[in-house]
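Visitor: Sharing a model that was predicted from the sequence below.
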Amino acid sequence: MDFIAFHAKGSPRVVDGTVQMDMGRQLRDISKGFEIVASFEPFKSLPIIIGESDPEGCAACSMQDYPENAYRNGTLYSSYTAASFARKYALADHFDVNFLGAVSWSFEFEDQPWFNGYRDLSTNGVNKPVLNVFRMYGLMRGDRVEVSGDLAYDYLTVRDKSVRGDKPDINALAATDKDEIAVMVWNYHDNDGPAPASPVEVTIEGIPAAQALLYHYRIDKEHSNSYEVWKKMGSPQNPTAEQIETLEKAGQLQLLSSPEWIKIKQGQVIIPMFLPRQGVSLLKLDWQR
């Protein structure tokens, strides 16, 4: 099958001791690529694959030499991935092109220090938070549905200005299948400084059932996060077998709370939460027709 491939990257840096991302730079690369493809009618319908789609360029550059690459270990990378991948779909819709998918140019680094800031999805066999975002995406099936609300940033604002204002980028991506709906919600900001959790209220409409089983998955400092557990251990470079077992468990995608049945009123449900900065939630509702 013929297809079109191109690369797109951003550029993190350290500002006053805090890592600062630049999502807009990556999205502008993607936007320009989509615009070029859309301008040629013979190519417009060809599938597009973004062959390298990452926040920056050097996968094998560790945080020892590039301190800003420490972001790859924790929730800044996972929330960036949630927010940026969703905007790729929005940009594809904007230019009416056939976006097939994007690749995280991540690798496996053998016999290297633990959590050394390489662009990988796991370290010494222990999964990082970013891998759990892809697990969340894997739980979303069916067709995308519209997301609306009182949102500080839309995809064009993030493309043109990045996420640099006083407010964080709290937004969502949603998909529905015949008997389920999944909503991924993120609380992202380019500046990885301390910030309080934000109250978020998700309203889901059009549910054809009287009740649904809610699964609430979460990535934050306390959930689905092997890096924070490793730091609490004292950042061991020679962890014991027991510590490795604990880290492997912490690296799995975790539920925020036990699954629960919730009542649907007139096809609608409202789900409130507090979402930490750089946190990502996946709300998955299953029902029987």
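Guide: Sure thing, it's come through.

Visitor: For the stretch 51-200 of the chain, which segments are assigned as helices?
Guide: 75-95, 129-138, 155-161 (DSSP state H, counting those that start in this stretch).

Visitor: can you list those helices in TSV and add distance to residue 213?
Guide: To be clear about C-beta, it is placed using only N, CA and C from the backbone, and glycine gets the same treatment. Shown next, in TSV, are the helices of the stretch 51-200 of the chain (distance: least, Cβ to Cβ, whole Å):
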stretch	distance to residue 213
helix 75-95	23
helix 129-138	17
helix 155-161	31
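
Visitor: Reformat these into JSON lines and put mean pLDDT, mean neighbour count and distance to residue 173 next to each item.
Guide: Putting those into JSON lines (pLDDT from 0 to 100; neighbours: other Cβ atoms under 10 Å; distance: least, Cβ to Cβ, whole Å) gives the following:
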{"stretch": "helix 75-95", "mean pLDDT": "97", "mean neighbour count": "23", "distance to residue 173": "4"}
{"stretch": "helix 129-138", "mean pLDDT": "98", "mean neighbour count": "22", "distance to residue 173": "9"}
{"stretch": "helix 155-161", "mean pLDDT": "97", "mean neighbour count": "17", "distance to residue 173": "11"}
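
Visitor: out of those helices, which comes closest to residue 247?
Guide: helix 129-138 (12.4 Å; Cβ to Cβ).

Visitor: low-confidence ranges in the stretch 151-289 of the chain?
Guide: For the stretch 151-289 of the chain, the stretches flagged by pLDDT under 70 are 289.

Visitor: what about the residue lying closest to residue 269 once chain neighbours are set aside, neighbour count?
Guide: What sits nearest to residue 269 in space, not counting adjacent residues and going by Cβ to Cβ, 6 or more residues apart in numbering, is residue 204, at 5.3 Å. Residue 204: 19 surrounding residues under other Cβ atoms under 10 Å.

Visitor: Got the phi and psi for residue 204?
Guide: When read as degrees, to the nearest 10, the backbone of residue 204 gives phi -110, psi 130.

Visitor: and of the helices of the stretch 51-200 of the chain, who's closest to residue 195?
Guide: Once the helices of the stretch 51-200 of the chain are compared by Cβ to Cβ, helix 75-95 is nearest, at 11.9 Å.

Visitor: Tell me what angle that closest one forms with helix 129-138.
Guide: Relative orientation of helix 75-95 versus helix 129-138 (axes from the mean of the first three to the mean of the last three Cα atoms, to 10 degrees): 40 degrees.

Visitor: thinking again about what came up before, and the residue nearest to residue 269, how far is that from residue 21?
Guide: Distance, residue 204 to residue 21, by Cβ to Cβ, to the nearest Å: 30 Å.

Visitor: Then residue 89?
Guide: In terms of Cβ to Cβ, residue 89 sits 20 Å off from residue 21.

Visitor: what do you get for residue 109?
Guide: For residue 109, the distance to residue 21 equals 22 Å [Cβ to Cβ].

Visitor: more crowded one of those two?
Guide: Set side by side, residue 109 and residue 21 show more neighbours around residue 21, with 29 against 17, by other Cβ under 10 Å.

Visitor: quick one: contacts for the more buried one?
Guide: Neighbour list for residue 21: 10, 12, 55, 71, 76, 80, 162-163, 190-192 [criterion: Cβ atoms under 8 Å, 6 or more residues apart in numbering].

Visitor: Now the residue sitting nearest the centre point of the chain: closest residue in space, sequence neighbours ignored.
Guide: In the chain, the centroid-proximal residue (Cα atoms, centre = their mean) is residue 82; its distance is 1.8 Å. Residue nearest to residue 82 in three dimensions, not counting chain neighbours: residue 186, with 4.3 Å by Cβ to Cβ, 6+ apart.
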